[in-house]
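> Sequence first, then the predicted structure, then my questions.
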Amino acid sequence: MVLKKIRLGNYITPCEDKNDEEKLNLDSVKGISNQKFFIETKANMNNVSLNSYKIVKRGQFSFNPNTARMGDKICIAYNNTEKDILVSAIYPVFEIKDKTKLSPEYLMMFFMRNEFDRYVRFHSWGSAREVFNWNDICDIEIDLPDLSIQQKFVNIYLSILANQKSYEYGLNDLKLVCDAYIENLMHKIPCESIGPFIERCDIRNGKNGIKKVMGVSTSKEFREPTSKVNRNELTNYKVVKPRQISFVQTTHNEKVFAYAFNDTGKNIVVTSVNEVFYTKEDKLLPEYLSMFFNRTEFDRYARFHSWGSAREIFTWQDLIKVEIPIANMTIQESIVNIYKVYKQRKKINEQLKIQLKDICSILIKGSIQEAKAS
């Protein structure tokens with residue numbers, strides 16, 4: 001029989017390898033994104049013991065059981081790298097019992113689909129927070145084709161994934177060029193505080209104003225808000241016009257300088273606690289300034305200069321003291337042109353990742369149809 005309905009729990013087994021001897025260090029600690037990839041963690045790891053962290057070996061899966069604030073998606077990922085990974089002790093880790101019956105890549109394709117995200121949200125439960133736990137994963141039913149059919153469609157997926165990864169590697173190289181250019185300028189041009197070159201804005205939305213509400217992400221971009229927003233109560237929100245910048249003052253949760261540059265060509269609104277400003281473009285291009293904000297060195301600077309007891313903040317007064325090399329406009333425009341190419345390709349790469357999810361739905365459906373026809 002080339003197609004059968006299975007209960008996933010009969011094909012997977014939990015893994016409980018702990019990092020109790022601290023075999024893996026801080027560099028191995030990862031988070032899981034709602035795009036279903038292992039990512040660098042934003043958690044504060046200062047003085048944190050890694051003994052209780054779980055090891056995710058090559059060929060194993062891990063997921064965050066908390067689904068309440070993940071953008072209606074489950075954060076689940078498959079370790080297809082050559083290195084072991086550390087994840088939080090609350091994250092279940094599992095592997096496939098028999099890879100001659102279920103391909104791990106095929107299972108990851110199943111997880112990547114939007115249909116699976118909707119299934120998880122519908123079956124999440126809880127009052128203080130919604131969760132989708134190990135037992136819920138085990139109870140999933142799958143229409144499973146024979147391994148030969150699984151592998152046929154996995155090969156298609158892997159070839160597309162390889163193209164996306166190749167594009168991403170080139171993207172990283174382009175970012176290195178931008179960072180190296182900035183680093184070189186900092187050694188050649190005297191640094192000046194940016195205060196004289198930026199202007200603070202505080203334009204409120206008012207009644208019947210803009211409905212396009214955006215948040216500011218730790219990836220330094222505008223994004224759809226993760227919390228629910230009453231779009232009928234936006235009077236006090238701040239307007240961010242095209243080519244203006246908004247930033248989050250708090251840094252103790254974000255662990256980075258969270259900011260975003262409005263390059264959409266349209267007005268948007270952000271929460272009133274955010275700061276909004278623009279640059280005097282005859283002296284300082286906003287893209288040029290953004291390149292400094294994007295550097296991990298600036299995240300460390302913002303964290304070091306944050307202050308407060310109940311929460312740590314990096315305020316407008318702290319921002320205007322920041323010093324950077326104010327290069328002449330010709331130099332700024334030349335490096336900004338490279339930066340714009342990087343941003344455009346980054347957007348394309350994100351679109352490729354989204355398309356991968358759509359392709360997974362098509363491939364899973366195709367494999368089932370082929371199995372039924374056999």
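All right, it came through fine.
> Local confidence estimate at Glu254?
On pLDDT, Glu254 comes in at 68.
> same deal with Met1?
56.
> do Ile268 as well
95.
> Identify the residues contacting it.
Ile210, Lys212, Val213, Met214, Phe222, Val239, Val240, Asn262 (Cβ atoms under 8 Å, 6 or more residues apart in numbering). Quick note: C-beta positions are derived from backbone N, CA and C, even for glycine.
> Repeat that for Asp282.
Met329.
> thinking again about what came up before, looking at the contacts of Ile268, which has the most residues close by?
Taking other Cβ atoms under 10 Å as the neighbour criterion, Val240 ranks highest of these with 29 neighbours.
> And that residue, its phi and psi?
phi -110, psi 110 (degrees, to the nearest 10).
> can you check Arg7 too?
Dihedral angles (degrees, to the nearest 10) for Arg7: phi -100, psi 120.
> ok, now which ones touch it?
So Arg7 contacts Cys138, Asp139, Ile140, Glu141 (Cβ under 8 Å, 6+ apart).
> Filter those down to the ones in strands?
If you go by DSSP state E, the contacts of Arg7 have Glu141 in strands.
> Can you tell me which of the contacts of Arg7 are classed as buried?
Buried residues within the contacts of Arg7, counting neighbours by 16 or more other Cβ atoms under 10 Å: Cys138, Ile140.
> and which of the contacts of Arg7 is nearest Met186?
Nearest to Met186 among those, counting by Cβ to Cβ, is Ile140 at 52.0 Å.
> Double-check that closest one against Leu8; I have them as touching.
Yes: here Ile140 lies in contact with Leu8, judged by Cβ atoms under 8 Å, at a distance of 4.4 Å.
> does Tyr278 sit in a helix, a strand or a coil?
strand (DSSP: H, G, I helix; E, B strand; the rest coil).
> With adjacent residues omitted, what lies nearest to it?
Excluding its sequence neighbours, the residue lying closest to Tyr278 (Cβ to Cβ, 6 or more residues apart in numbering) is Gln244, at 4.6 Å.
> what residues are up against the one you found?
Counted by Cβ under 8 Å, 6+ apart, Gln244 has contacts Cys201, Phe261, Asn262, Val276, Phe277, Tyr278, Pro286.
> Mind putting the residues you listed into JSON lines with pLDDT and distance to Gly366?
Shown next, in JSON lines, are these (pLDDT from 0 to 100; distance: Cβ to Cβ, whole Å):
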{"residue": "Cys201", "pLDDT": "96", "distance to Gly366": "51"}
{"residue": "Phe261", "pLDDT": "96", "distance to Gly366": "41"}
{"residue": "Asn262", "pLDDT": "96", "distance to Gly366": "41"}
{"residue": "Val276", "pLDDT": "97", "distance to Gly366": "48"}
{"residue": "Phe277", "pLDDT": "97", "distance to Gly366": "50"}
{"residue": "Tyr278", "pLDDT": "97", "distance to Gly366": "50"}
{"residue": "Pro286", "pLDDT": "97", "distance to Gly366": "45"}
